[in-house]
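Asker: Let me see the structure of the following:
(2 chains)
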Amino acid sequence: ILNVEQSPQSLHVQEGDSTNFTCSFPSSNFYALHWYRWETAKSPEALFVMTLNGDEKKKGRISATLNTKEGYSYLYIKGSQPEDSATYLCAFRSDSGYALNFGKGTSLLVTP
Amino acid sequence: DSGVTQTPKHLITATGQRVTLRCSPRSGDLSVYWYQQSLDQGLQFLIQYYNGEERAKGNILERFSAQQFPDLHSELNLSSLELGDSALYFCASSATGQTETQYFGPGTRLLVL
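Answerer: Okay, here's the model as predicted:
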């Protein structure tokens, strides 16, 4: 099992605030890093797949960066909205297997 | 809607019993994955199939088995169930099983009493 850590565990922000959270993963044998958004009572929804060091991906107000040398990825949400409330999961895949190793997620609550 | 379907949505059974969870991947996807989400645990990878063949195995108990059929749907069989097997079981699919996005189904919530 490969250790994937996400911080903070939970976050409560006001509508309009920008926020970010961290995913830490093993810096060796990197293959890919996935970000998912998981709303209560729904299934995880893919946000990004990142494979290259220095990669930056953007989808609307959500963006992510990747540093494979030091083993971390940041997810940013600009101008948070109540509909952004969800658990954000990252998952690491090493080059020695096909499995995605998920972190426990960051639970985000955005209140009006 | 991801295009991945799972049945049943909910399942309540007793210890010692055997159940089968079913998954149909998105149209055109060849790879199917099974994950388990228990209380206070992250999503745990169980097993992956690609075009009918087992490709990768994670923390899958010997009491659990899976297969992928010629029409690409997959079944996860859980036997000699224990209380600790109560969890949310997700199936995901992807096109080739490489780097690309995995699309998750709605999950099957299993409760073992």
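Asker: Contact residues of chain A facing chain B?
Answerer: Taking Cβ under 8 Å from any Cβ of the partner chain as the test, the list of chain A residues beside chain B reads A:1, A:4, A:31-32, A:34, A:36, A:42-46, A:49, A:51, A:89, A:91, A:93, A:97-105. Every C-beta, even on glycine, is put in place using the N, C-alpha and C of the backbone.
Asker: try 10 Å
Answerer: Contacts of chain A with chain B, taken as Cβ under 10 Å from any Cβ of the partner chain, map to A:1, A:4, A:6, A:31-32, A:34, A:36, A:38, A:41-51, A:89-91, A:93, A:97-105.
Asker: Among those, name the ones in strands.
Answerer: Residues of the residues of chain A next to chain B located in strands (DSSP state E): A:6, A:31-32, A:34, A:36, A:38, A:45-50, A:89-91, A:93, A:101-102.
Asker: on that earlier part again, ChimeraX command for the buried members of the residues of chain A next to chain B?
Answerer: Command for ChimeraX that selects the buried part of the residues of chain A next to chain B, burial taken from 16 or more other Cβ atoms under 10 Å in any protein chain shown:
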select /A:4,6,32,34,36,38,43,44,46,47,48,49,50,89,90,91,93,97,98,99,100,101,102,103,104,105
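Asker: Quick check: residues of chain B near chain A?
Answerer: Within reach of chain A by Cβ under 10 Å from any Cβ, chain B has these residues: B:1-2, B:4, B:6, B:31, B:33, B:35, B:37, B:40-48, B:50, B:55-59, B:88, B:90-92, B:94, B:97-107.
Asker: Touching, residue B:101 and residue A:36? I think so.
Answerer: Yes - using Cβ atoms under 10 Å, residue B:101 is in contact with residue A:36, at 9.1 Å.
Asker: Now do the shared contacts for these two.
Answerer: Common contact partners of residue B:101 and residue A:36 (Cβ atoms under 10 Å, 6 or more residues apart in numbering or on different chains): A:45, A:46, A:47, A:48, B:92.
Asker: where's the last one, which helix or strand?
Answerer: Going back to what we said before, that points to residue B:92. Taking DSSP states H and E as the definition, residue B:92 sits inside strand B:87-94.
Asker: Just checking: what are the partner strands of that strand?
Answerer: In the sheet, strand B:87-94 lines up against strand B:31-37 (antiparallel), strand B:103-104 (antiparallel), strand B:108-112 (antiparallel) (DSSP bridges).
Asker: how much does that strand deviate in direction from strand A:30-38?
Answerer: Orientation of strand B:87-94 against strand A:30-38 (axes from the mean of the first three to the mean of the last three Cα atoms, to 10 degrees) gives an angle of 120 degrees.
Asker: picking that back up, would you format the strands paired with strand B:87-94 as a markdown table with mean neighbour count, mean pLDDT and distance to residue A:11 included?
Answerer: Shown next, in a markdown table, are the strands paired with strand B:87-94 (neighbours: other Cβ atoms under 10 Å in any protein chain shown; pLDDT from 0 to 100; distance: least, Cβ to Cβ, whole Å):
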| stretch | mean neighbour count | mean pLDDT | distance to residue A:11 |
| --- | --- | --- | --- |
| strand B:31-37 | 25 | 95 | 20 |
| strand B:103-104 | 22 | 94 | 23 |
| strand B:108-112 | 17 | 97 | 26 |
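Asker: Is it possible to get CSV of these that adds distance to residue A:64?
Answerer: Below are the strands paired with strand B:87-94 laid out as CSV (distance: least, Cβ to Cβ, whole Å):
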stretch, distance to residue A:64
strand B:31-37, 21
strand B:103-104, 19
strand B:108-112, 30
